[in-house]
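Participant: quick one, what's the 3D model for this:
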Amino acid sequence: MSLFPSFAGLSSNKSSAGDRAPADLEWLSNQSFRTEDALKTHQRATERVQAEAEEPAREQKSKEREDSHGRSKKRKKEKKKKHKKKKSRDNSESSGSESDTVYPSDLLKKQNADREEAQVRVSETFMWLDDLQTPTDSPFCIDRRADRANWEYKSLYRGDIARYKRKGGSCLGLNAKTQAVNWNDGGPEKKRVDKKSERYFCPSTRQLLRSDSQPAFPKLSKGNAVSSDSYIKLSGGTEEQGSSTQAPISWVNPLGIYDHGTSLWLEGKGKLEVKGDQQDVEAEGSSSSTFLSARVEEFNRKLRENPADIQLWLDFVHFQDELAFGSGSFSAASDGDNDGDLKKMSLRAVLEKKLSIVDKAVESNPANVDLKLEKLRLCKELWEPATLQKEWKKLVFIHPNSAPLWRKYLLFTQSHFSTFSVSKVNSVFGKCLSTLSAVEDGSMVSHPPLPGTQEDLLDIFLQQCHFLRQAGHTEKAVCLFQALLDFTFFKPDSVKNLPTKQQVDFFEPFWDSGEPRIGERGARGWKAWMLQQERGGWVIPPEPDDDDEEEQDDSEIKDKSWPKWKIWLDVEASREANHWLPWRPDKTKGQSEEDCEDPDRQVLFDDIGPSMIRVDRLDLQMRLILSFLQFLGLPGPSGRFSTTSSSNILLDDHAFLEDGPDTERPLTSYDLPVAGTCAVGHMTFLSDCRRQAGLCKAGEEFLQNVLQQTLLLVSTQDQAAITLCWLQYEKLKVLRCLRSGNKKRLKSQGKRSKRLAKRLLKEPDNRGSLALWREYAHLEWLLGNLEEARKVFDTALGMGVTRGLNDPVLCNLCFLYAQLEVEQVSNNGTVPTSKAVYILTKLAEGAAYTPFTGQINPVTILKARKSYEQALLRFLPEQSTGAPKKLHRISSLVGCFGLFQYLTMGIDAADAVYSQAIQKLISSNLTSEVTDGSLRRPKAFSDWESVAVQHVALLRHHANTNVFPLSRLRLALTDALSLLPSSASLWQLYLQTENRYHSAGRARRFFHSATKKTDSVVPYLFAITAEQRLKEMLDSVQRSALPALPSNGLCNRIRCLFENATATEHGAHCPLLWRMYLNFMMCDGNLERGSGIFYKALQAVPWVKGLYMDAVQMFPERVQEFLDLMTEKELRLRVPMEEVDILLED
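Facilitator: As a prediction, this is how the structure comes out:
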C-alpha cells in the first residue's frame, strides 16, 4: 500500500507486473499495511457514532420513569454524563486528527482501551435495570470517589489541567437581589501567592539605596549643550550620533545594523580593552564594598603614619557606623527576616569595635582628653552605672584643670537618673569650682591653668545658679549671687592676696553673722563688717520695717471645690512666685531661726561656700552683675554663655516661641532682646497662660535694692548700662500689660514706670544720657502719649544732634524716632509724611535741631545721602579690621541709612544698603573668628543679627503695605537664617512669612537643612512650633461648618520632629523641648504614650521641676507618685500633700 495517494497507481502497476520498484522509490510503499484492517477500524468508528446518537433516546425514556423525589438528582448526573461524553468525543476527534498515519499495533491497543473504557462506562454509570440490554453483565455500579481531575481530564499530569481565573462573581441574566451563583469549588482552595511590588522600604530597595554606585545620566554632546529646537531629539536621530555609536559598513555588516562589538565577533576578533571614560563608569557602578575597604586601608595607613592625629582617630571611630550599616561585604547587618536581631547584635559588635579603636588611640595619646571622653560616651551603654561613675571621677582627678571636661562631668551627673539627686549635683558643682579656683590662683601646683579659665569659672557658676532655679531651690540660687557679689566687690584689703580657699574661710563668719546682704535694707558689705569687727563698738540696728508681711495662708486656696491635685498645683505655683527669696530672721521683731515654717528657705554656708570664685577682671564683674539682673527678670542680650550646650540646657521659657512681632509695631517689635530663660518666680507648668508683668511685691523691692547698691560699685560707663537695663525692664512690664489687655493694670504700671524714668533722668549723671531719653520717649509712645513722646524725642535731639553720625547712641535714638513715625503713618492709612525723612536728614547734617515745620529742601536730602554713604564706607573697613570701640555703631548707622533710602528712593535702594552692610559684616566676622578672643564674637554676631532683623522687618513692612514679590523677602530670611540659625527674632519673622501659605513643603525643607548645620536646638523648636500652628489651623477648620478635611498625618510629623530633636546631643537635655513634647501628647489625647515620654524625659532632664508639675496636670491620679519622686530626688517641694489636707480642713 502506498503512503501517498498520488503514487498508489504507480506502486500497484509495478507490483502487478512483478517488477521491483527503483531503490529510491521503495520508501513510498508500506508492506505491513493491510486494507481490511483499515476497513474494520472505520466500521467500528461508525458504529460508535450511531450508538452515541441512540443514547439520548434511552435517557429520555428513563427520565419519564423517575419518581418526583429523585428527579433533580438524576438530572444533575445525566448532565454530568453528557458533558463527559462530549469531552471524550472531542478528545477522540482531536487525537484522530493529529496524525494521518495509523499503525496496526496502535489500532489493537486502541481497541483494547475502548473495550475497557466501555466496561468502565457501564460499570460506573447509574441507570435502571430495565435499560440494560444484558443485565447479567454488570448489574451493579462502582463509585470509587476518585480524583476529580483524573476522570475529568483523563490525565495524571497537572500541566494538562486548564487553569483560569474568574473576574467578578456576577452572572448575566440573573436578578442580583433574588438570584446568585455560587462559584466556590467544593474542594480545598489553594492559596495563591502574589508577588507584591517592591516599595522603598523593602530590603532589596534599601540595599540599592545604600549602594554608592552613581546613576548613569545622559551626556550631551559638545555642540548640543543648548538646543533651540521645539522638539526633543532621539539619541540616534542624527547622523553624527549614529556614526558615533554604530560600526562602519563592512562585508560582515553590509547594512550597518550591528554595533562594533558584534562586528568584531563576526570577524572572529576579540573586543579591545576599554579605557578612559568607560572605565570610570564601570568603576562607579562597582559594588561599594571595594570603596569601603579602600577607605579602611586609607584610615589604617594614615593612622599608622600619624598616630597623634586626634581628629583622624575620632573620624575613624565615627566611620564604623557607615562601615557596619552600609552595603557591601563589610556590612554587619543585612536586611532580611531577622533584621531586628541582627541589628541588635551588630550594634553591640560595632560598639565593641569602636571601643577597641579608642583604646588603641588612648595608648598612642595618653594625655588627650577628647579621646577619653569619647571612650566614656561609648561605654555609657556597656558599663554599669557604678563603674561609669568611678571612671568619670578618675578622669577629672587626672585632668582637674580642664573646664570642658568638668562641663561634661557636670552634665553626666545632672542627667544620670539612677544616681541623680540635687544635693549630689550641687556638691559636684562646688567641687568643680573650688578645684578650678585652686588651679587659677596657683594653689594646685601640679596642673597649670588653661587659657580662658576665668570665663569658664563664671560660666559654670551661672550654670549652677540656673540649675538650682530649675530644680526649685531659688533661695540657694539667690544666695549664691548675693554671696559672690559680696565676695567680689566688698572684699577687705587684708585678704585680697590670699588663696581663694583662705578667703572663703574668712568670708564664712560674715555670712553667718546675720549682717544684711546685697538686696536687703541696710546692706553695707563684707568689708564694712570686717572693719567694724576689727575696731569694735556698737552696731547700729536697722530700722524696723513698718510693712507687715501679708498673711497669704487664708487666701492660698482659691476654690475648695477643686480637685486636690489642682489645689496643690495652684498653691505650689503661688508660693513659687512669692517665696523665692531666702528667709532671714528679723531681729527687730525678735525672730530666730526656729521661727521659720519652711526650713528649706534658710540657706547654710555649706551649700554655697565651695562655689565661691575670684572674679578680678572688670568685664567679668560687669557680666556677673548683668547676669544677676537677668536672673531676676531684667531684659538683657541673649547668648550670655560661651558654649551652645549651656544655652540649650537653660532654654525653658515658652514665651521664647510665642512672643512674636506685633502687627501694630512691625518695625520696633524687636527692640528688646529675647533670652529664652525664665526669670526667678516665673517657672510654672507649661500650659499655664498666666504671665506676671513683674515680680511679687517683696521681689520688686529686692530688685530695686540690688540696682541701687550695684550702681555704686561700677564705673560711670557701666552705671549707664545698668540704668538702661532698669528702664528697659519698666518698658517690658508695660509691654506685657499691653499684650494682656488689662487697661487698669496698664494705667497703674504706666504711672509707676514714668515716675521711675523721670527720677532717673533727674540725676546729674543721667541728664545727658541719650539712651535713657530714648527709652523714656518710647515708654510714653507705648502708653499712647504721642505728643508727649515727640517732645521728649525733640528735647533729646536738641541736646545731642550736633554729634552727627559719629555717635552710635544718637543714631539709635533717631532710628527709633523715625521708625515710630513710619509705623504711626502706616497705621493711620495715610501717605507717609516727611517727618521721618526730616529726622534722618538732620542726623546726617549734624547741625542744630529744630522741630519739623513741614518742608524739606531737596538739596538737603542729597547732601544727607552723600554723608550717609561716606560714613558707611568709613566705618565698614574699620569694622573689618577689628576696631573694638566701634562694634555697635554699625547697626544703628545702617538702619538709619536704609530707612532714609527707603523713604526717599524706594525699597530697592534700601535693600542695596543692607546687602552691602551684611556682606561686610560677614567677611569681618569670619576674619575676627580666628584672630580675636572669645568675648568679641558674641558682640559682633549680635550686631550682625540686629542688621539682619532690621533688613527683614523693613522688607516685610513694605510687603504688607505695597505690592512686593515675597520671593525677595524669603530669600533675605533664608540667607540670614543660614548664617544665624539661633536667632529667635529671625525665626519668628520666618514663621509669620510662611504661615500665609497652606503648603508647608518649602518651610519643612528649609527647617530640615537648618537643623543639620547647627548645634543649637532653636531651629527644632521653631520647626515644631510651625507644625503645631498648622495643626491648630486645620483643627479649627474641621470644627467649623466646612466639610471635614482628610487626615494629613501632622500628629505623626510633629512626633517625628520631637523624636529627632531629642535624639540629638544638643537637644537631649533641653528642658523646654521635653516639656513641649509632653504637653503635645496631653493636647493630642495620647496619655499612654505621654506617660512613656515623661519617664523618657526623666532620663534626660531629671532636675527640672516644671516637668513634674506638667506630669501632675497630665496624670492627676498619680500625683502622690510624682511627689514621692520629687522628694526622693530632693527637688524643692514647697507644699506637701499633707499641708494641702490641713489647709482644706481650715
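Participant: please report how far Ile918 lies from Leu667.
Facilitator: Ile918 is 18 Å from Leu667, where distance means Cβ to Cβ, to the nearest Å. For the C-beta atoms, the positions are set from N, CA and C on the backbone; glycine is no exception.
Participant: who's more crowded, these two?
Facilitator: Set Ile918 next to Leu667 and count neighbours by other Cβ atoms under 10 Å: Leu667 wins out with 22 against 19.
Participant: which of the helices or strands spans the nearest residue to the more buried one once chain neighbours are set aside?
Facilitator: Of all residues not flanking Leu667 in the chain, Gln819 sits nearest, at 4.3 Å (Cβ to Cβ, 6 or more residues apart in numbering). Taking DSSP states H and E as the definition, one finds Gln819 inside helix 808-828.
Participant: which other helices and strands contact that helix?
Facilitator: Counting contacts by 3 or more Cβ pairs under 8 Å, 6 or more residues apart in numbering; DSSP states H and E, helix 808-828 packs against helix 770-782, helix 786-800, helix 835-845, helix 889-904, helix 936-961.
Participant: ok, now with 7 Å
Facilitator: Using 3 or more Cβ pairs under 7 Å, 6 or more residues apart in numbering; DSSP states H and E as the contact criterion, the elements in contact with helix 808-828 are helix 770-782, helix 786-800, helix 835-845, helix 889-904.
Participant: avg pLDDT for the longest one?
Facilitator: Okay, so that is helix 889-904. Helix 889-904 shows an average pLDDT of 90 in the prediction.
Participant: so where's the stretch 201-350 of the chain uncertain?
Facilitator: Within the stretch 201-350 of the chain, the stretches falling below the threshold (pLDDT under 70) are 209-248, 270-289, 325-345.
Participant: where along the stretch 401-550 of the chain do the helices fall?
Facilitator: Ranges of helices in the stretch 401-550 of the chain, per DSSP state H, counting those that start in this stretch, are 403-415, 422-440, 453-470, 474-489, 500-512, 526-535.
Participant: I'd like those laid out as JSON lines, including mean pLDDT and distance to Leu711.
Facilitator: Conversion of those to JSON lines gives the following (pLDDT from 0 to 100; distance: least, Cβ to Cβ, whole Å):
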{"stretch": "helix 403-415", "mean pLDDT": "92", "distance to Leu711": "32"}
{"stretch": "helix 422-440", "mean pLDDT": "94", "distance to Leu711": "28"}
{"stretch": "helix 453-470", "mean pLDDT": "94", "distance to Leu711": "21"}
{"stretch": "helix 474-489", "mean pLDDT": "95", "distance to Leu711": "12"}
{"stretch": "helix 500-512", "mean pLDDT": "92", "distance to Leu711": "22"}
{"stretch": "helix 526-535", "mean pLDDT": "87", "distance to Leu711": "17"}
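Participant: turn those into a markdown table, columns for mean neighbour count.
Facilitator: As requested, those are exported to a markdown table (neighbours: other Cβ atoms under 10 Å):
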| stretch | mean neighbour count |
| --- | --- |
| helix 403-415 | 20 |
| helix 422-440 | 20 |
| helix 453-470 | 22 |
| helix 474-489 | 23 |
| helix 500-512 | 17 |
| helix 526-535 | 15 |
